[in-house]
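Novice: Have a look at this prediction, sequence included:
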Amino acid sequence: MDIYEYIAQHRARFMDEWASLIRIPSVSCQEEHREDMHRCAHRWKELLLSSGVMHAEVMLSEGNPFVYAEYNYPNADTNTPTVLVYSHYDVMPVEPIDLWHSNPWEPDIRDGRLYARGADDDKGQAMIQVKAFEYLVKEGLMKCNVKFIFEGEEEIGSPNLTPFIMQHKDLLRSDIILVSDTSMIGKSTPSITTGLRGLAYWEIEVTGPNRDLHSGHFGGAVKNPINALCEMLSQVVDQNGRITIPHFYDDVLPLSDEERQMIASIPFSQQNYNQSIDIDAEWGEVGYSTLERNSCRPSFDVCGIWGGYIGEGSKTVLPSKAYAKVSCRLVANQDHEKISEMFASYIQSIAPKGVRVKVTPMHGGQGYVCPIDLPAYKAAEIGFTKAFGVRPIAARRGGSIPIISDFEKILGVKTILMGFGLESNAIHSPNENMDLEVWEKGIVAVTEFYKSLSI
């Protein structure tokens, strides 16, 4: 039976199993879902066992549990490649709930897409990996050793994964790591992610007076922490889109002419891009295109800001405190720990008198670049070509998966990023979804990857 027949025959079961994961609200950043994290881990163990692995277990950690599974090819020899499949089962919060058009914890199929939290990131993409593996094992076509490691803390920076990898290096020993947690350029323009940006993330706390004050009695005489916070944040990026932190760009590698030509060859419409997110003009670092800005150049963003009174009606208050969560996307060769220290020092240096500032690093990770001459990359390229009918484009992407650089550093192996997301999938946002046609083609692509893999 070929892969297309297998998918058609088992499509209803695939959907049911996918739905069983989505219905578990595995939100790692909210303590109320702590038990759901364990339920989701155990559900993945069940699904991996039914897919054909020889062993699967839920492994506890100081945070959320890991799921580990393995399959050993019976006729393996020294030339048999071992693939380590990484994914995560935690998801982002669903708020604001009123912007969802359907229940985020109940899959809703409409217009050829499955809508739900985790539909793409990353339960849907993980299912692509598992169903391709299942087909190959059930049909006697799997000729690789395969290991799976699924974590439950990716959306909060994977605080326990690096210690886990260091503790279990032998268990995770492999020739290549395979990840489906990235996106393609477009439905008809498949691409393989060859680079990811790094990340640094902080929370800023600004404290002024020892209590909230009457804005009439004290306004104009006491520094307002929210005003001070806004003043500081407005200085981080200049009018040309450049980050103003001293020495921030010291380690940024310039784009070569060849890289810029490759990026320019990617099908892209600025007008369609702007329309898709309902903006009337693009913005960014002067001298770079949108695709260069969001993949190969660093950026700074305020991810959240709050303080004072935000309830119904009005309250004339000068708040005691103000807060913000901010992040930098970093590029290859920038060290997130170095940048984290530089940012904290910079914010302290521009803090106005009358307030006290505390900067707390949250999490971060290095960027990653994958060579396109690896045998495993060539296998992925074949997989995409057979599934989508066209050769995939090698493209750097703007997102971050901090653990990828740790895998390389600790295990000494490269990662192939076979992602099947689309921009329209709205990951991390209300109405997250997965295109079902792309999802099934993803299963085909991963199947062909294994068939073509050598070391």
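Specialist: Looks like it arrived, so ask away.

Novice: Using CSV, list the CA coordinates for the worst-scoring helix or strand of the chain on mean pLDDT.
Specialist: The helix or strand of the chain with the poorest confidence is helix 257-264; it has a mean of 86 (mean pLDDT, DSSP states H and E). Output of helix 257-264 as CSV, limited to C-alpha atoms (Å, rounded to 0.1, in the frame of the first residue of the first chain):
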residue,chain,number,x,y,z
ASP,A,257,25.6,39.5,-2.0
GLU,A,258,24.8,35.9,-2.7
GLU,A,259,22.5,35.6,0.4
ARG,A,260,20.7,38.8,-0.6
GLN,A,261,20.2,37.5,-4.1
MET,A,262,18.8,34.2,-2.8
ILE,A,263,16.3,36.1,-0.5
ALA,A,264,15.3,38.4,-3.4
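
Novice: ok, and what's touching the following helix or strand past that helix?
Specialist: Scanning forward in sequence from helix 257-264 by DSSP states H and E, the next helix or strand is helix 270-276. Residues external to helix 270-276 that are found in contact with it (C-beta atoms under 8 Å, 6 or more residues apart in numbering): D280, A281, E282, T290, E423, S424. (C-beta placed from N, C-alpha, C; glycine too.)

Novice: what ranges do the helices span in the stretch 51-200 of the chain?
Specialist: Using DSSP state H, counting those that start in this stretch, the helices assigned to the stretch 51-200 of the chain run over residues 123-138, 161-167.

Novice: So which residue of this protein lies furthest out from the middle?
Specialist: Among the C-alpha atoms of the chain, the one farthest from their average position, using C-alpha atoms, centre = their mean, is that of H217, at 47.3 Å.

Novice: what pairs with the residue nearest to I404 when sequence neighbours are not counted across the strands?
Specialist: Computed as C-beta to C-beta, 6 or more residues apart in numbering, the closest residue to I404 that is not its neighbour in sequence is Y368, at 4.5 Å. Partner residues in beta bridges with Y368, using DSSP bridges, are L196.

Novice: ok, back up a step: which of the helices or strands spans the residue farthest from the centre of the chain?
Specialist: Going by DSSP H and E, H217 is part of helix 215-218.

Novice: Compute the distance from the centre of that helix to the centre of its chain.
Specialist: Remark: helix 215-218 is offset 45 Å from the chain centroid, using C-alpha atoms, centre = their mean, to the nearest Å.

Novice: Please apply the same query to stretch 410-429.
Specialist: Relative to its chain's centre, stretch 410-429 lies at 6 Å (C-alpha atoms, centre = their mean).

Novice: Ends of it, what's the gap?
Specialist: Criterion C-alpha to C-alpha, to the nearest Å; first-to-last residue distance in stretch 410-429 is 33 Å.

Novice: do stretch 225-243 as well
Specialist: 23 Å.

Novice: hang on, the earlier thing: now the residue farthest from the centre of the chain: how far from P209?
Specialist: H217 is 11 Å from P209, where distance means C-beta to C-beta, to the nearest Å.

Novice: what's the answer for H10, then?
Specialist: Between H10 and P209 the distance is 64 Å, computed by C-beta to C-beta.

Novice: what's the answer for T193, then?
Specialist: Note on T193: its distance to P209, by C-beta to C-beta, is 48 Å.

Novice: higher neighbour count, the two?
Specialist: T193 (28 against 17; other C-beta atoms under 10 Å).

Novice: residues in contact with the more buried one?
Specialist: Counted by C-beta under 8 Å, 6+ apart, T193 has contacts T182, S183, C370, A395, R396, R397, L417, G419.

Novice: Of those, which pair is most distant in space?
Specialist: Farthest pair in the contacts of T193 (C-beta to C-beta) is S183 and C370. Separation: 15.3 Å.

Novice: same for the helix or strand harbouring H10, what does it pack against?
Specialist: Element membership of H10 [criterion: DSSP H and E] is helix 3-22. If you count contacts as 3 or more C-beta pairs under 8 Å, 6 or more residues apart in numbering; DSSP states H and E, helix 3-22 packs onto helix 34-51, helix 123-138, helix 436-452.

Novice: Please parse this structure into its domains.
Specialist: By the assignment in automatic domain parsing, the chain contains the domains 3-196+367-452, 198-252+298-365.

Novice: out of these, deepest packed?
Specialist: Comparing the domains of the chain by mean neighbour count (mean count of other C-beta atoms under 10 Å), domain 3-196+367-452 comes out on top with a mean of 19.

Novice: what mean pLDDT would you report for it?
Specialist: The average pLDDT within domain 3-196+367-452 is 96.

Novice: Ends of it, what's the gap?
Specialist: Using C-alpha to C-alpha, one end of domain 3-196+367-452 lies 15 Å from the other.

Novice: do stretch 286-302 as well
Specialist: Stretch 286-302 has an end-to-end distance of 20 Å (C-alpha to C-alpha).

Novice: buried stuff in it?
Specialist: 288-289, 291-300, 302 (16 or more other C-beta atoms under 10 Å).

Novice: JSON lines for those, including distance to R197?
Specialist: Shown next, in JSON lines, are the buried residues of stretch 286-302 (distance: C-beta to C-beta, whole Å):
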{"residue": "Y288", "distance to R197": "14"}
{"residue": "S289", "distance to R197": "16"}
{"residue": "L291", "distance to R197": "13"}
{"residue": "E292", "distance to R197": "12"}
{"residue": "R293", "distance to R197": "11"}
{"residue": "N294", "distance to R197": "9"}
{"residue": "S295", "distance to R197": "7"}
{"residue": "C296", "distance to R197": "8"}
{"residue": "R297", "distance to R197": "9"}
{"residue": "P298", "distance to R197": "7"}
{"residue": "S299", "distance to R197": "8"}
{"residue": "F300", "distance to R197": "12"}
{"residue": "V302", "distance to R197": "17"}
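
Novice: Tell me the one among the residues you listed nearest to S50.
Specialist: Nearest member of the buried residues of stretch 286-302 to S50, counting by C-beta to C-beta, is S295, at 38.1 Å.

Novice: Give me the three-state assignment for the closest one.
Specialist: Under DSSP: H, G, I helix; E, B strand; the rest coil, S295 falls in the coil class.

Novice: count of residues packed around N272?
Specialist: Neighbours of N272 (other C-beta under 10 Å): 8.

Novice: Using CSV, please lay out the contacts of helix 270-276 together with secondary structure and distance to S20.
Specialist: Shown next, in CSV, are the contacts of helix 270-276 (DSSP: H, G, I helix; E, B strand; the rest coil; distance: C-beta to C-beta, whole Å):
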residue, secondary structure, distance to S20
D280, coil, 43
A281, coil, 44
E282, coil, 41
T290, helix, 39
E423, helix, 27
S424, helix, 25
